[in-house]
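Undergrad: quick one: sequence plus predicted model below, questions after.
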Amino acid sequence: MSTGLIIAIVIVAAVVVVAALLAVRARGSGPQGLKRRFGPEYERTVAQHGGDTKAAEQELAERVQRHGGLHERDLEPAERERYAARWTTAQEHFVDSPRESVSEIDRLLAEVAAARGFPAGAEYDDQVDALSVHHADHVDGYRRVHRAALASVGGSPTGQAGTEEMRTAMIEARSLFDDLVTPSSHEHGRHRAGVGADTGGHLPWSADQSRPKES
């Protein structure tokens with residue numbers, strides 16, 4: 001086999017590989033690929049754009065372009081334990097100080113996300129966009145906690161989040177927290193001892209339990 005023929009075969013093979021990779025990437029960023037990747041976040045973004053799927057898909061595709069290559073850093077065991085202890089403390093204080101607890105959870109999620117390699121919490125919008133690319137199923141819980149925390153800090157009493165709203169926000173945010181503090185090799189439902197071990201990874205409140213008292 002001549003050298004020229006070998007070179008031609010190598011070039012053709014390279015072209016085929018590149019074409020296949022581009023096809024896979026296109027499927028991942030097309031409408032169906034975005035729906036699969038973002039799940040409920042896709043529907044939320046479409047609703048935010050007033051039902052304009054094209055605008056929503058453009059926004060989501062831009063998020064993937066900006067943050068799709070982000071590499072999440074695994075937390076050290078001591079870090080996971082420290083963050084889990086902070087969550088437990090905030091949860092225990094909710095009954096007496098719900099607004100302070102929600103604010104602490106908001107800060108905690110921002111810190112954990114930054115420790116995992118996401119944009120810093122001071123860049124909230126960018127951080128949430130990045131989280132939505134890698135944790136689309138649970139990122140909206142962080143949004144709810146953040147909104148409740150902001151409402152609790154300022155404004156008139158009528159504009160502040162109610163206890164039930166804050167309780168629900170913390171419950172939903174727990175799923176994202178569990179995703180972030182769980183080691184990568186155990187991210188699909190398995191948790192190390194010490195992280196959510198007391199409550200099975202979830203807050204103990206349920207719809208039929210007595211509500212924490214209003215502050």
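TA: Good, I have the coordinates. The shown structure was predicted, so the numbers you read here are calculated from the model rather than taken from an experiment.
Undergrad: rest of the way, CA atoms for contacts and neighbours
TA: Noted.
Undergrad: in stretch 91-110, what's buried?
TA: Going by neighbour count (16 or more other C-alpha atoms under 10 Å), the buried part of stretch 91-110 is 91, 94-95, 97-110.
Undergrad: and it, average pLDDT?
TA: Stretch 91-110 shows a mean pLDDT of 95.
Undergrad: same question, stretch 62-79
TA: pLDDT averaged over stretch 62-79 gives 94.
Undergrad: what does it contact?
TA: With C-alpha atoms under 8 Å, 6 or more residues apart in numbering as the test, stretch 62-79 has contacts from 29, 115-118, 129-130, 133-134, 181, 183-184.
Undergrad: among these, which are located in helices?
TA: Counting by DSSP state H, the contacts of stretch 62-79 place 29, 115, 129-130, 133-134, 181 in helices.
Undergrad: lowest pLDDT pick from those residues?
TA: Ser29 (52).
Undergrad: helices and strands of this protein: which one has the lowest mean pLDDT?
TA: helix 3-29 (a mean of 56; mean pLDDT, DSSP states H and E).
Undergrad: can you redo the ones in helices among the contacts of stretch 62-79 as CSV with neighbour count?
TA: Putting those into CSV (neighbours: other C-alpha atoms under 10 Å) gives the following:
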residue, neighbour count
Ser29, 21
Ala115, 18
Asp129, 22
Ala130, 24
Val133, 24
His134, 20
Val181, 27
